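Peer 1: Compute the structure for the input listed below.
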Amino acid sequence: MAVKRISIAGSTGSIGTQTLDEVRKRPGEVEVVGLSCNSRIDVLEKQIREFKPRFAAVVDPEKADLLRRRIKDTKTEVFDDPGGIFYACIEPKVDLVVIASVGLEAFITTVQAVNWGRDIAPASKEPFVFGSEILVPLIVDRGVNVYPIDSEHSAIWQCVVEKNIGKAAANGNGCIVGIDTSGVRKVWLGCSGGPFYGRDWEYLKGVTVDQALKHPTWNMGGLITINSATLYNKGQEISEARVLFGLEFEKIDVTVDRTSMIHAIVEFEDGSRLMNFSKPDMHDPIRFALFGERDRSHIRPAGDVKIVAPDRNTFRLLRIAEEVAKTGGTLPAAMVAANGAAVESFTNKVVSFTEMIEMVEETVKRHRVKSGYKELEIADAYNWGDYNVRAMILARHESLAMEDEPPASS
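Peer 2: A predicted model of the protein is given here:
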């Protein structure tokens, strides 16, 4: 059996560490070539000493320099400049790149990996939420394989494979995951409903950061957990499912399951339905993406499952994200960045939960959308979305001093 050579962009986060858990179970089968992180060098150092990658990368230059000094007794080369960061993950001896970083960095890493012909296992939503017009043609042109890790998209993938409605399709119906989804009538993405399920807008005005970070079932990073509290993450997942599986928006919906064990339900044209009903755990999607296997012990018996629609009026970022995805162009990039800045301000207790939502909504309204975009225009829109929210925060909270004006919308 040939050794699978992988790299992980964002190896110190939740997905990255769980991916390494799966690698640890397969001694001799997987070689870890490259690892990267933003600044968590304590975790990265431990990973380097255990997995002995040829390359590592740290976004923060000062932390990268400190890491170099710490691991000078190893053979791992550490990069910090942008070119080196991407090279650490996509150098010529890598077979598969796990995309577990976030935001604009995840998008650029994905573009680089695909451009170099590397297969990708994306756990990050952003590359396909705001970069699909660039990525999809590139994926098709380079003949790259896409193995989704996000649990809902992995569930759709697994259900279609289980149904076996078609062998690998050469993107005939726009599915870049490499399966034939032409027989899919409808999919529902599983949704826990977050910590505020059943609450109204007035209630949300008074919620705290600690309350928002108490997800009912999942243990995730701060940004993703807050996105789950607002349901914005489901809007992103709808957009991603459309791209990955070549489905029209009308075929993608959301169902609330408070146990988080419904990852996806797929309805086929023959009237049958398949559902992935399993533990709220990322190990199984990672295992399926990297090795094409699932752990049967994760599957749970399902009772009387019902489709339960989310409240798109109270949790309006879900509705707005759906509308933004349909608009396309540079708008999704502006919204992703705006949401990131707004979540940061909420978790730092600068703005309220509903203010956070309102600022994202206002940024979406202000953005001048460009279609037929290029990578630079995506970066411009992303940076504008981030700055626009920060400017609104400063305007609302006069105790904070604003040094300059936000740039014009891209």
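
Peer 1: From now on I want contacts and neighbour counts done on CA atoms only, so please keep to that.
Peer 2: Fine.

Peer 1: The stretch 251-400 of the chain: strands as residue ranges?
Peer 2: 252-256, 262-268, 273-277 (DSSP state E, counting those that start in this stretch).

Peer 1: Buried residues in stretch 10-22, which are they?
Peer 2: Residues of stretch 10-22 classed as buried by neighbour count (16 or more other C-alpha atoms under 10 Å): G10, S11, T12, G13, I15, G16, T17, Q18, T19, L20, E22.

Peer 1: if I read this right, W116 contacts I90, doesn't it?
Peer 2: Yes. Using C-alpha atoms under 8 Å, W116 makes contact with I90 at a distance of 7.3 Å.

Peer 1: Which one's more surrounded, these two?
Peer 2: Taking other C-alpha atoms under 10 Å, W116 and I90 do not tie; I90 has more neighbours (29 against 14).

Peer 1: Got the confidence number for the more buried one?
Peer 2: What the model reports for I90 is a pLDDT of 88.

Peer 1: separation between the spatially closest residue to it that is not a sequence neighbour and F51?
Peer 2: In this structure, I90 finds its nearest non-sequential neighbour in A113, 5.5 Å apart by C-alpha to C-alpha, 6 or more residues apart in numbering. Using C-alpha to C-alpha, to the nearest Å, we find A113 at a distance of 21 Å from F51.

Peer 1: what about the two, which has more around it?
Peer 2: Neighbours per residue (other C-alpha under 10 Å) separate A113 from F51, with A113 holding more: 25 against 17.

Peer 1: What helix or strand is that one located in?
Peer 2: A113 belongs to helix 103-115 when assigned by DSSP states H and E.

Peer 1: got a list of contacts for the following helix or strand past that helix?
Peer 2: Remark: after helix 103-115, the chain's next helix or strand is strand 119-122, criterion DSSP H and E. For strand 119-122, the external contacting residues (C-alpha atoms under 8 Å, 6 or more residues apart in numbering) are 95-100, 110, 113-114, 144-150, 289-290.

Peer 1: Please save the CA atoms from strand 119-122 in CSV.
Peer 2: Extracted in CSV, the C-alpha atoms of strand 119-122 (Å, rounded to 0.1, in the frame of the first residue of the first chain):
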residue,chain,number,x,y,z
ASP,A,119,-6.3,16.9,-4.0
ILE,A,120,-8.1,18.8,-1.2
ALA,A,121,-10.2,17.9,1.8
PRO,A,122,-11.9,21.1,2.8
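
Peer 1: so after it, what's the next helix or strand?
Peer 2: The element immediately downstream of strand 119-122 (helix or strand, assigned by DSSP H and E) is helix 126-130.

Peer 1: Can I get that following helix in PDB? Just the C-alpha atoms.
Peer 2: Output of helix 126-130 as PDB, limited to C-alpha atoms (Å, rounded to 0.1, in the frame of the first residue of the first chain):
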ATOM      1  CA  GLU A 126     -15.200  30.100   3.100                       C
ATOM      2  CA  PRO A 127     -13.300  29.000   0.000                       C
ATOM      3  CA  PHE A 128     -16.500  27.700  -1.600                       C
ATOM      4  CA  VAL A 129     -18.800  30.300  -0.100                       C
ATOM      5  CA  PHE A 130     -17.000  33.300  -1.700                       C
END
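
Peer 1: how about G190, secondary structure?
Peer 2: strand (DSSP: H, G, I helix; E, B strand; the rest coil).

Peer 1: how many neighbours does it have?
Peer 2: Using other C-alpha under 10 Å: G190 sits among 28 other residues.

Peer 1: so what's it up against?
Peer 2: Contacts of G190 by C-alpha under 8 Å, 6+ apart are E152, V254, T255, V256, D257, S260, M261, I262, H263, A264, I265.

Peer 1: Excluding sequence neighbours, find me the nearest residue to it.
Peer 2: Going by C-alpha to C-alpha, 6+ apart, G190 has H263 as its nearest residue, at 4.5 Å.

Peer 1: N383 now?
Peer 2: A337 (6.9 Å).

Peer 1: for the one you found, what are its contacts?
Peer 2: When contacts are counted by C-alpha under 8 Å, 6+ apart, A337 touches G103, Y382, N383, G385, D386.

Peer 1: Farthest pair within the residues you listed?
Peer 2: Greatest spatial distance in the contacts of A337: G103 and G385, 12.0 Å, computed using C-alpha to C-alpha.

Peer 1: So what's the residue count around the residue nearest to G190?
Peer 2: 25.

Peer 1: List the residues that contact it.
Peer 2: S151, E152, A155, L189, G190, C191, M275, N276, F277, S278.
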